[in-house]
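1. would you be able to build a 3D model of this:
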Amino acid sequence: MADEKNSVRDFAASRHEAGDRAFVAHQHFADFVQYHPFVADRPDLAALAKAVDEANADLYQAIWKTED
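-> Residues are numbered from 1 along each chain as shown. Okay, the predicted model is just below:
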């Protein structure tokens, strides 16, 4: 694994894969949890879901800003 980390090509491919998976997880969370009527209609749950949504967005952005 150490050699793989040092490869620019492998780093780019791994970062792309992680970014893609973070995007998919974020979208699924929004579609199936955050905007579910049970969650959306309850301010306490909606606030927690919004915090998760923002954390997911932060993770996605951080993945793309990561440099080897």
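2. the chain: strands as residue ranges?
-> Assigned by DSSP state E, the strands in the chain number zero.
3. just want the most central residue of it.
-> The centre of the chain sits closest to Ala22, judged by Cα atoms, centre = their mean, with a distance of 3.3 Å.
4. with adjacent residues omitted, what lies nearest to it?
-> Tyr60 (4.5 Å; Cβ to Cβ, 6 or more residues apart in numbering). Yep, even glycine has a C-beta here, placed from its N, CA and C like the rest.
5. ok, the one you found - contacts?
-> Contacts here follow Cβ atoms under 8 Å, 6 or more residues apart in numbering; on that basis Tyr60 touches 19, 22-23, 26.
6. next one: Asn56
-> Contact analysis of Asn56 by Cβ under 8 Å, 6+ apart lists 22, 25-26, 29.
7. from those, list the buried ones, please.
-> 22, 26, 29 (16 or more other Cβ atoms under 10 Å).
8. could you list which of the residues you listed belong to helices?
-> Cross-referencing the buried ones among the contacts of Asn56 against helices under DSSP state H gives 22, 26, 29.
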